[in-house]
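**Student:** Prediction below, plus the sequence it came from.
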Amino acid sequence: MSVFAVLDPAVGLAHDVVAALAHVVPTALAIVLFTVCVRLALHPLARAAARGEKSRARLAPRVAELNRTHKGRPEKLQAALAELYREEKASPFAGCLPMLVQIPFFSVMYRLFTTPNDLLGHTLAATPLGLHVGQAQGAGQWAVFAVLYAGLAAVAYAGFRRARRAQAAQAAVGGTPPQPGLALLPYLSFGTVLFAALVPLAAGVYLLTTTTWSAVERAWLYRDGAPEPAGVALV
């Protein structure tokens with residue numbers, strides 16, 4: 001039995017909701033609407049995470065000073081950092097919660113759109129939602145995938161630029177350039193484009209919807225010019 005089988009009850013519920021919407025609007029649009037509704041339900045978590053991340057950015061100069069003060073004394077540094085975050089009611093892990101909550105939803109949608117079911121027989125611009133790019137035939141189907149990948153690439157590029165700016169801002173505050181491994185993080189934005197090439201069109205529609213939501217949500221939450229975290233939201 002597949003490890004994803006534990007998700008079957010949630011997958012069945014998601015299928016029923018999308019199928020019900022598909023009786024009113026085209027199935028591709030039903031996928032978009034369902035994804036938007038779930039992301040809207042998760043938005044309070046994103047707002048809470050943004051508040052925590054702004055607090056963490058505000059404390060970055062003090063953290064850098066503690067790193068210099070307690071250099072070579074990791075135990076005292078950890079104690080000082082813990083005291084600082086406790087006093088300011090902040091957390092160094094503030095941005096993790098929304099991503100962790102999205103993982104089960106992502107897994108459910110992945111299983112829904114990679115397991116044969118009646119939704120995948122519907123079409124988007126005459127292209128079956130269960131079709132993989134390698135199975136595309138004719139200019140029309142290739143055009144659908146090209147538009148999808150172009151949209152994902154545009155969103156990924158926006159995320160890449162924002163992550164690079166966030167890394168530069170953090171380096172300016174901390175006085176040190178990002179570590180080589182961390183410098184590669186912004187490029188993970190393009191992972192969604194590569195992943196979309198491995199899944200059916202329906203999953204690609206979901207990916208485009210959720211990554212676009214993430215990009216717009218982050219832009220809105222940080223519209224006041226507060227420094228963003230350097231991490232990349234893939235979903």
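**Tutor:** That came through, no problem.
**Student:** low-scoring pLDDT stretches of the protein, where are they?
**Tutor:** 1-4, 92, 94-99, 169-183, 225-235 (pLDDT under 70).
**Student:** mind redoing it with 50?
**Tutor:** Applying pLDDT under 50 to the chain picks out residues 1.
**Student:** helix or strand right after the lengthiest helix in it?
**Tutor:** Identified as the longest helix of the chain according to DSSP state H is helix 27-69. Once helix 27-69 ends, the next helix or strand along the chain (criterion: DSSP states H and E) is helix 74-88.
**Student:** now for that following helix, which elements pack on it?
**Tutor:** Under the contact criterion of 3 or more Cβ pairs under 8 Å, 6 or more residues apart in numbering; DSSP states H and E, helix 74-88 touches helix 27-69. Where you see a C-beta, it was placed from the backbone N, CA and C, and this is true even at glycine.
**Student:** Run a quick neighbour tally on residue 188.
**Tutor:** Residue 188: 16 surrounding residues under other Cβ atoms under 10 Å.
**Student:** Repeat that for residue 44.
**Tutor:** 10.
**Student:** quick revisit: and the longest helix of the chain, how far from the chain's centre?
**Tutor:** Distance of helix 27-69 from its chain centroid, counting by Cα atoms, centre = their mean, to the nearest Å, is 10 Å.
**Student:** so where do the strands sit in this protein?
**Tutor:** For the chain, the strands defined by DSSP state E cover 123-124, 127-128.
**Student:** strand partners of the last one, parallel vs antiparallel please.
**Tutor:** Note on strand 127-128: by DSSP bridges, its sheet partners are strand 123-124 (antiparallel).
**Student:** what does the strand it pairs with rub up against?
**Tutor:** Residues from elsewhere that reach strand 123-124 (Cβ atoms under 8 Å, 6 or more residues apart in numbering): 26, 27, 28, 129, 144, 201, 205.
**Student:** coming back round to it: of the strands of the chain, which is nearest residue 221?
**Tutor:** For residue 221, the closest of the strands of the chain is strand 123-124, at 30.5 Å, according to Cβ to Cβ.
**Student:** How far does that closest one sit from its chain's centre?
**Tutor:** Counting by Cα atoms, centre = their mean, strand 123-124 comes out at 25 Å from the chain centroid.
**Student:** Quick check on residue 131: phi, psi?
**Tutor:** phi -80, psi 140 (degrees, to the nearest 10).
**Student:** Check the gap between the residue lying closest to it once chain neighbours are set aside and residue 135 for me.
**Tutor:** In space, and not counting its chain neighbours, residue 131 is closest to residue 201: 5.3 Å by Cβ to Cβ, 6 or more residues apart in numbering. Noted for residue 201: a distance of 10 Å to residue 135, by Cβ to Cβ, to the nearest Å.
**Student:** Neighbour count for those two, which is higher?
**Tutor:** residue 201 (28 against 11).
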